[in-house]
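# quick one: sequence and predicted model below, then my questions.
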There are 4 protein chains.
Amino acid sequence: MSRPADPHAKIDLLQAAEAVFLEHGLDKARVEDITAAAGRSKGAFYLHFESKEDAFRQIVESFLARLQSCVDSSLKDFGGAIAGDVGAFLEQCRRSDVEILEFVWQNRGVVRLMLEGGGSAQFGYLIDEFAERSRQNTKRLLRWGVVEGLYRRDLDVEMASLVISSAYDRVARDLMRRERKPDLERVVAELQKLLLGGVAGAALHEVIDSKVKNKVRSKRA
Amino acid sequence: MSRPADPHAKIDLLQAAEAVFLEHGLDKARVEDITAAAGRSKGAFYLHFESKEDAFRQIVESFLARLQSCVDSSLKDFGGAIAGDVGAFLEQCRRSDVEILEFVWQNRGVVRLMLEGGGSAQFGYLIDEFAERSRQNTKRLLRWGVVEGLYRRDLDVEMASLVISSAYDRVARDLMRRERKPDLERVVAELQKLLLGGVAGAALHEVIDSKVKNKVRSKRA
Amino acid sequence: MSRPADPHAKIDLLQAAEAVFLEHGLDKARVEDITAAAGRSKGAFYLHFESKEDAFRQIVESFLARLQSCVDSSLKDFGGAIAGDVGAFLEQCRRSDVEILEFVWQNRGVVRLMLEGGGSAQFGYLIDEFAERSRQNTKRLLRWGVVEGLYRRDLDVEMASLVISSAYDRVARDLMRRERKPDLERVVAELQKLLLGGVAGAALHEVIDSKVKNKVRSKRA
Amino acid sequence: MSRPADPHAKIDLLQAAEAVFLEHGLDKARVEDITAAAGRSKGAFYLHFESKEDAFRQIVESFLARLQSCVDSSLKDFGGAIAGDVGAFLEQCRRSDVEILEFVWQNRGVVRLMLEGGGSAQFGYLIDEFAERSRQNTKRLLRWGVVEGLYRRDLDVEMASLVISSAYDRVARDLMRRERKPDLERVVAELQKLLLGGVAGAALHEVIDSKVKNKVRSKRA
DNA sequence: TATGAATGAGCGTTCATTCAT
DNA sequence: CATGAATGAACGCTCATTCAT
């Protein structure tokens, strides 16, 4: 565990590994490809990693840790906004989302690695962990919003968190393949508008509302 | 006059292959595992498939074809409903979604195989194809709904189709891991309600509406 | 050993086998290639041959037997010629050689198969057998010729038979690759002239002769 | 600073490969046999050779290169001899032939490998290349000899080169199977005498000569 | 008998990992 | 520590041969 003589070795190897894993997938990637791309020896690789899989895990875990702290810091900022008016809250939501998507954009390589399970079944669970993580965050905010009266009383938080997190999940998947960064602020704003207001037009709303009334009536009966 | 081809051979092999691919991923799955699981010889495998990858492709393509015909037949039924009232349309939407999710449930093994890219980078594109396919279907219905006045005039079809299809995508991903089939009708109904009406409560709607009014005003100015 | 129902099967298979062996060599040739080329079933192949190698052996042995009878019949004709004058003898030699080379030409496929050892080490000995066979024939004729005074008294029969048979061996090797049959009579006549008279011009003959005289002298001394 | 490449590895493998190829032929030889015989790992084999065929090619090509330089150096020595008397020329011819046959003897393993086409059809062309190479050398010397008046004016160089080179070809084939080296000088001397003087005795020469006269007469007529 | 589907031993090659220097 | 040569288990695929019909 002594610090290796060349502190850049591990960094070089991790970057090279990320690139090679992305290109070929975990299984098809050869350690030799990685070391060649890093300009390092094969021995150096095994000095820093237990195995090929270990290198993969380190790449992903390091990203997840950084993502977590990104999310944490973005959630911290809610403190003031929540107390204030609704508009400020929505704006803070957007700001937070943009921040996280920005982070995803910066790390789209790893994200892709992760969402594609490293191209290997054994890490497929990472997709779910990533998704579940964002869904839990969503749930927390939704519950708070319902309590505060911002969201519908009868909101199915489970379903709503699923819809919202899957929308962001999908946006993240889109990001990771793009060459150029899209206007994240606009994307987030549109998303928010849509998720808040749904797709229904006035006519549909009437139908939906009447249904709700019917339900209420039948319950009373 | 020769020994007749065992008609079960290919079926057995495909089923075994699906199971083994699911357990180990395409790369880590050994042809020998598949043939052993199918109770067939290695030679039999290569009698029916060009290669391991070919078996994988056949599994997925056969599923996609069956999925397509499932979708097609479910879309055909819209004919009458569309002309009728709104409630009937919504019901048909739900019926169609349930039908497709039912199909996904029946084939959750292959779906998982596909969504996890066969555990291999070279088939990762299948995830996207699967997602894009459902998104295009969604778009078509949305555009029709906007024209018919069912959905908001200002609906961002791109974004809405993304949100909706990603929600179903996610539901499909959930399905493929479950042991017991959830109540699909309920799931679809909740999803529909949510996607149609959004998450916003009354207070939020006021804010949103006022924003819209502001926008309208600024446009008029 | 009962006669197979279709008496053409074996013939078809042998012809196809010869062609396939020629194209790919014994090892690389697949039984399936042979049966496909023969328009027969794999079962039929094993009905007539013990194994792939057996088919090869049968092809070669049948050729060698036919070659032997060709040679025998051509040697028989010497009976009368030998008793007669020298010119007739030489002519009979040529006629016999042409006859055998003609046979080689007709069977150039098998010859090539044999001379190339079936493309497999295990039949390499066939090259030598073929060569040895012709050399023994040559030796017999040479010994007779020496006794009859046709050839030099001091002829090294071993070496002469080697030279002669290797020359014919080489001609046979050339034949088996040609598309069009060369004028065998001319070839044989040239060969005979050359083998009988050597390459030396007058000047060289003097040197050779003087050497011989020297040798004789030194022996006398 | 790494483990230095074992300089004997490739040599060991080449020698082992030669032996195993000789015993079983290219196709039937197993890489594992070669590496076992060399006392090396299978990996080591593929460290030095692209494939089994590549190893074969390297063995043969290296031999052909060395043979070529052997031939070249032996032809260079003709310079002085040619200018001198006939006897010296013939002696130089013999010396050169002995030298080359000596080289063939030293490398009889590879020669056999080559002449037997590696036991595989795909390298059968090597036999012809080897033969053609020596025939071209022979032709060159013959043409020079005719011009110099050493050989018969009417010599059919094509046929003579064929006879001579095939004789040496055959001697080489004999060499490659022998356990003990024969007296090459004697062999070459006998060969030379025979090829120069032919097999014909006095009586035959008369006939041959009379034929020539007849031909001349008929041409005149 | 004739067929060709089925079998499975066998082998070439790869590549993660080790280790002598 | 750093290197990259060496190792050898592992696995995809082939194809001669068998055998049920």
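Received it, and whenever you're ready, just let me know what you need. Numbering: from 1, shown residues only, chains lettered A, B, ... in the order given.

# show me chain A divided up by domain.
Chain A breaks down into these domains under automatic domain parsing: A:1-49, A:59-209.

# mean confidence score for the longest one?
Taken as a whole, domain A:59-209 has a mean pLDDT of 84.

# and that domain, how far out from the chain middle?
Centroid separation between domain A:59-209 and its chain, computed with Cα atoms, centre = their mean, to the nearest Å, is 7 Å.

# please apply the same query to the shortest one.
Put simply, domain A:1-49 sits 26 Å off its chain's centre (Cα atoms, centre = their mean).

# could you give me the average pLDDT of that domain?
88.

# of the domains of chain A, which approaches DNA strand E most closely?
Taking Cβ to the nearest atom of the strand, domain A:1-49 is the member of those nearest to DNA strand E, at 3.6 Å. All C-beta atoms are positioned from the backbone trio N, CA, C, and that covers glycine.

# list the contacts of A:Ser161.
By Cβ atoms under 8 Å, 6 or more residues apart in numbering or on different chains, the contact list for A:Ser161 reads A:Arg135, A:Gln136, A:Thr138, A:Lys139, A:Leu142.

# which of those residues fall within helices?
Judged by DSSP state H, helices contain the following of the contacts of A:Ser161: A:Arg135, A:Gln136, A:Thr138, A:Lys139, A:Leu142.

# can I have the buried ones of these as a ChimeraX selection?
To isolate the buried ones among those in ChimeraX, judged by 16 or more other Cβ atoms under 10 Å in any protein chain shown, type:
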select /A:135,138,139,142
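
# ok, the ones in helices among the contacts of A:Ser161 vs chain C, which is closest?
When the ones in helices among the contacts of A:Ser161 are ranked by distance to chain C (Cβ to the nearest Cβ), A:Arg135 comes first, at 56.5 Å.

# out of the contacts of A:Ser161, who's nearest DNA strand F?
A:Arg135 (35.6 Å).

# ranges for the helices of chain A?
Using DSSP H, helices in chain A cover A:8-28, A:31-38, A:42-48, A:52-76, A:78-83, A:86-106, A:108-115, A:125-147, A:157-175, A:184-197, A:202-220.

# would you list the ones you listed in TSV and tack on distance to C:Gly117?
Below are these laid out as TSV (distance: least, Cβ to Cβ, whole Å):
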stretch	distance to C:Gly117
helix A:8-28	42
helix A:31-38	41
helix A:42-48	44
helix A:52-76	47
helix A:78-83	85
helix A:86-106	66
helix A:108-115	55
helix A:125-147	59
helix A:157-175	61
helix A:184-197	73
helix A:202-220	85
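
# can you lay out the ones in helices among the contacts of A:Ser161 as a markdown table showing distance to B:Cys93?
Converted to a markdown table, those look like this (distance: Cβ to Cβ, whole Å):
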| residue | distance to B:Cys93 |
| --- | --- |
| A:Arg135 | 25 |
| A:Gln136 | 30 |
| A:Thr138 | 25 |
| A:Lys139 | 26 |
| A:Leu142 | 25 |
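
# possible to save the ones in helices among the contacts of A:Ser161 as TSV with distance to DNA strand F?
Output for those, formatted as TSV (distance: Cβ to the nearest atom of the strand, whole Å):
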residue	distance to DNA strand F
A:Arg135	36
A:Gln136	37
A:Thr138	40
A:Lys139	41
A:Leu142	46
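
# closest one of the ones in helices among the contacts of A:Ser161 to B:Val163?
A:Thr138 (13.4 Å; Cβ to Cβ).

# contacting residues for that closest one?
Applying Cβ under 8 Å, 6+ apart, we find A:Thr138 in contact with A:Ala160, A:Ser161, A:Ile164, A:Ser165.

# how close does the closest residue to the third one other than its chain neighbours get to B:Glu61?
With Cβ to Cβ, 6 or more residues apart in numbering or on different chains as the criterion, A:Ile164 has its nearest non-adjacent residue at 5.0 Å, and that residue is A:Thr138. A:Thr138 sits 35 Å away from B:Glu61, going by Cβ to Cβ, to the nearest Å.

# same deal with A:Phe63?
In terms of Cβ to Cβ, A:Phe63 sits 34 Å off from B:Glu61.

# higher neighbour count, those two?
Each of A:Phe63 and B:Glu61 has its neighbours counted (other Cβ atoms under 10 Å in any protein chain shown); A:Phe63 has more, 20 against 11.

# the nearest residue to that one once chain neighbours are set aside - how many residues pack around it?
Spatial nearest neighbour of A:Phe63, excluding adjacent residues (Cβ to Cβ, 6+ apart): A:Val110 at 4.3 Å. Neighbourhood size, A:Val110 [other Cβ under 10 Å]: 21.

# ok, A:Val110 - contacts?
Here A:Val110 is in contact with A:Glu18, A:Ile59, A:Val60, A:Phe63 (Cβ under 8 Å, 6+ apart).

# what is the neighbour count of the first one?
By that I understand A:Glu18. A:Glu18 has 22 neighbouring residues, counting by other Cβ under 10 Å.

# hang on, it packs against A:Arg108?
No - using Cβ atoms under 8 Å as the test, A:Glu18 is too far from A:Arg108 to be in contact (10.9 Å).

# overlap in contacts of those two?
By Cβ under 8 Å, 6+ apart, no residue touches both A:Glu18 and A:Arg108.

# contacts only, for the residue in chain A that chain C sits nearest to.
Nearest residue of chain A to chain C (Cβ to the nearest Cβ) works out as A:Lys28 at 30.4 Å. By Cβ under 8 Å, 6+ apart, the residues touching A:Lys28 are A:Gly119, B:Asp27, B:Ser120, B:Ala121, B:Gln122.

# now A:Val188
Per Cβ under 8 Å, 6+ apart, neighbours of A:Val188: A:Arg94, A:Asp97, A:Val98, A:Leu101.

# looking at the contacts of A:Lys28, state which has the most neighbours.
A:Gly119 (30 neighbours).

# keep the contacts of A:Thr138, but drop any that are not near DNA strand F.
With Cβ under 7 Å from any atom of the strand as the criterion, these include none near DNA strand F.

# how about CSV for those residues, with distance to B:Gly39 added?
What follows is the contacts of A:Thr138, written out as CSV (distance: Cβ to Cβ, whole Å):
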residue, distance to B:Gly39
A:Ala160, 48
A:Ser161, 45
A:Ile164, 47
A:Ser165, 43
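
# was I right about A:Arg152 contacting A:Val146?
Yes - using Cβ under 8 Å, A:Arg152 is in contact with A:Val146, at 7.5 Å.

# give the contact list for A:Lys181.
A:Trp105, A:Leu175.

# residues in contact with A:Gln78?
You called it Gln, but residue A:78 is Phe. Taking Cβ under 8 Å, 6+ apart, one finds A:Phe89, A:Gln92, A:Ser96 in contact with A:Phe78.

# from A:Ile34, how far off is A:Ala22?
For residue A:22 the amino acid is Leu, not Ala. 11 Å.

# those two - which one has more neighbours?
Set side by side, A:Leu22 and A:Ile34 show more neighbours around A:Ile34, with 26 against 19, by other Cβ under 10 Å.

# pretty sure A:Val157 sits against A:Arg140.
No - checked against Cβ under 8 Å, the pair A:Val157 and A:Arg140 is beyond contact range at 9.7 Å.

# most widely separated two among the contacts of A:Val188?
Checking the contacts of A:Val188 with Cβ to Cβ, the most distant pair is A:Arg94 and A:Leu101, at 10.3 Å.
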